[in-house]
Structure formats: structure tokens, C-alpha cells
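Q: dropping the sequence and predicted coords here.
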Amino acid sequence: MKRLTRFALRHVPCLVICLLSFGGLCAAQEVDVPSGRGNGSLVAPTGWTELIAPVQQRIDLKLYGFYIGELKAPSTQFDATFRAAKFLSITPSYLYYSVPADGLNELANRSRGFTHTYKEQQFRIDGTVMFSIHKFEISERNMYVRRFLPTYIYAGRFLPAKEINRYRNRIAVAYPLVVKGHIWKPFASYEAFYDQGSGWSKNRVWTGVTVPIEKHVSFQPSYMWEGTNGIKDLRYLMFGLIFRTPSSK
């Protein structure tokens with residue numbers, strides 16, 4: 001945690017300046033770790049909640065909680081989204097997640113490759129450019145991630161703690177539909193991940209729909225396919241609840 005704090009204090013101002021020209025919505029998750037074997041795929045039912053708290057006209061605070069049931073893997077993420085301009089938002093965020101040894105072995109297709117829970121912290125900052133063509137809402141997000149990898153043992157090999165960089169690029173499109181006087185918003189996105197030392201290591205395809213339930217509550221069922229080098233493909237069946245508090249202004 002001390003390494004994460006030192007890194008944030010040293011690099012946040014520079015990162016914000018660099019990302020102003022990029023295009024920030026984040027969704028907690030992240031399951032990587034094993035590298036090797038992992039053939040086949042795994043269906044992973046996932047529940048999540050998001051709390052959005054507007055604090056000023058241009059600033060939203062967001063708290064996420066995820067649980068990937070098949071892997072028994074929880075994660076928590078905190079965001080602060082700043083709308084820098086009409087078409088640009090900047091979002092620094094922090095993610096913590098853990099995966100127990102049984103979940104890691106399932107991903108790696110090994111019976112006892114891992115013996116301890118894996119825990120990772122990430123500091124992230126992204127910029128998202130958003131625009132519309134007719135009714136289609138299009139966005140491009142560019143994210144820089146500093147990953148704080150713990151010490152762990154895999155298949156008898158000792159892997160020391162280290163810090164590495166990750167770059168993520170996501171293109172998304174949504175289209176609002178009026179259903180019985182309410183706005184339903186189907187969406188689809190593609191995201192690619194580039195890891196320091198590994199190259200392009202992961203791809204995601206995500207589709208779903210956001211449905212309003214009450215004035216400040218929405219429901220989001222979705223499906224995500226995720227392919228990562230060295231582990232099984234993951235097929236997430238995701239069900240989320242989004243709560244938005246009334247504006248404080």
C-alpha cells in the first residue's frame with residue numbers, strides 16, 4: 001500500500017496532463033494471473049452493484065462491488081469522474097481484487113498450481129472521448145494502469161512482487177430506445193489490453209442493456225467474453241444494480 005501511495009503522489013499530475021487528449025467509465029473486475037495451459041472456457045455468473053454520487057455539476061464519485069461466483073473472486077473499485085469538457089471526462093480510480101487458490105487453479109487448468117489467494121491492487125487513470133452520431137452514443141476510452149503484483153508461487157516457481165504498467169483501449173457504442181415511456185439503453189464494446197513485458201495479452205467483448213427500474217435505480221444484465229493469454233477464456237453472465245443518489249447541488 002505504501003508503494004501505491006508513493007506512486008500516486010509522484011505521478012498523478014503528469015498522468016492527468018497526458019490523458020487530456022484521450023478518451024471514462026470503469027467496471028471493476030480483473031482476473032488474470034495464471035500463465036500457461038488454461039485451455040477451454042469457463043462460464044462465470046457475476047453479480048455487481050454500483051453507487052453513483054454526484055458531488056458537483058462536473059464531478060461524480062462511484063463505488064463498485066463485484067463478485068465472480070464461479071471463481072469466488074470479489075473486487076472493489078472507487079472512481080472519481082471529472083467532466084473536463086462536453087466531450088471529455090477524466091477518471092482516476094483504485095481497484096483491489098482477490099482470487100482464491102481454487103479459482104486460480106480452475107483458470108490455469110491445474111489441480112494444484114496455486115496454493116494461496118492472489119491479491120492485487122491497481123491505480124488507474126483514464127480519459128474518455130464521447131460523441132453522438134444521430135442517436136448512436138459512441139465513446140473511446142484510453143486507460144493507464146499501474147499494477148502492484150504480489151509475491152506468489154505458481155507450479156513450484158517463486159514469482160517476486162513487482163510493479164508493471166498496463167494500457168487499455170475500449171471502443172463502445174450505445175443506442176437509447178424508448179420502451180413504455182422509459183429509456184432502455186443497449187450497448188456493446190470491444191476492449192484490448194497491453195501489458196508491459198507481455199504485449200497484447202487480453203481482449204474483451206461486452207454487450208448488454210441498461211434498464212431503469214426506479215428514478216434512481218437501474219438494472220443491467222450483460223454478457224462478456226474475455227480471452228487472456230495463458231488462462232481459460234471467461235464467459236461472464238453479469239447482473240448489476242446501479243444506484244444514483246440525488247444531486248447535491
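A: Arrived safely, thanks for sending. All values derive from a computational prediction rather than experimental measurement.
Q: please count neighbours and contacts with C-alpha atoms only from this point.
A: Fine.
Q: beta-bridge partners for residue 138, please?
A: Beta-bridge partners recorded for residue 138 (DSSP bridges): residue 131, residue 173.
Q: number of nearby residues for it?
A: 18 (other C-alpha atoms under 10 Å).
Q: and it, how far is that from residue 125?
A: Distance of residue 138 to residue 125, computed by C-alpha to C-alpha, to the nearest Å: 20 Å.
Q: could you do residue 165 as well?
A: Residue 165 is 12 Å from residue 125, by C-alpha to C-alpha.
Q: try residue 175
A: Counting by C-alpha to C-alpha, the gap between residue 175 and residue 125 amounts to 26 Å.
Q: please say which of these two ends up with more neighbours.
A: The neighbour comparison of residue 175 against residue 125 (other C-alpha under 10 Å) goes to residue 125, with 24 against 17.
Q: please name the nearest non-neighbouring residue to that one.
A: Computed as C-alpha to C-alpha, 6 or more residues apart in numbering, the closest residue to residue 125 that is not its neighbour in sequence is residue 92, at 4.1 Å.
Q: did I read that right, that neighbour in a strand?
A: Yes - under DSSP: H, G, I helix; E, B strand; the rest coil, residue 92 sits within a strand.
Q: how many neighbours does it have?
A: The number of residues packed near residue 92 is 22, by other C-alpha under 10 Å.
Q: test my guess that it contacts residue 80.
A: Yes - using C-alpha atoms under 8 Å, residue 92 is in contact with residue 80, at 5.9 Å.
Q: so where's this protein shaky on pLDDT?
A: Filtered on pLDDT under 70, the chain yields the residue ranges 1-30, 32-38, 155, 248-249.
Q: which residue ranges of it form strands?
A: In the chain, the strands defined using DSSP state E lie at 41-56, 59-68, 73-85, 88-99, 118-133, 136-149, 152-154, 157-159, 162-174, 177-179, 182-195, 199-214, 217-228, 233-244.
Q: so which bits of the fifth one are buried?
A: The one in question is strand 118-133. 118-130 (16 or more other C-alpha atoms under 10 Å).
Q: pick the one among the residues you listed closest to residue 96.
A: Closest approach between the buried residues of strand 118-133 and residue 96, by C-alpha to C-alpha: residue 121, at 4.6 Å.
Q: surely that closest one touches residue 78?
A: No - proximity of residue 121 to residue 78 does not meet the contact threshold set by C-alpha under 8 Å, at 11.9 Å.
Q: overlap of the contact sets of those two?
A: 94, 95 (C-alpha atoms under 8 Å, 6 or more residues apart in numbering).
Q: quick check, nearest of the buried residues of strand 118-133 to residue 157?
A: residue 118 (14.6 Å).
Q: measure the residue lying farthest from the centre of the chain to residue 214 for me?
A: In the chain, the residue that sits farthest from the middle, by C-alpha atoms, centre = their mean, is residue 180; the gap is 31.7 Å. For residue 180, the distance to residue 214 (C-alpha to C-alpha) stands at 14 Å.
Q: equivalent analysis for residue 67, please.
A: Distance, residue 67 to residue 214, by C-alpha to C-alpha: 24 Å.
Q: more neighbours, those two?
A: Shown here are residue 67 and residue 214; by other C-alpha under 10 Å, residue 67 has more neighbours (21 against 9).
Q: contacts only, for that one.
A: 46, 47, 48, 73, 74, 75.
Q: filter these down to the buried ones.
A: Neighbour counting by 16+ other C-alpha under 10 Å classes 46, 47, 48, 73, 74, 75 among these as buried.
Q: got the contact list for residue 235?
A: 41, 42, 43, 44, 223, 224, 225, 226.
Q: all set, thanks.
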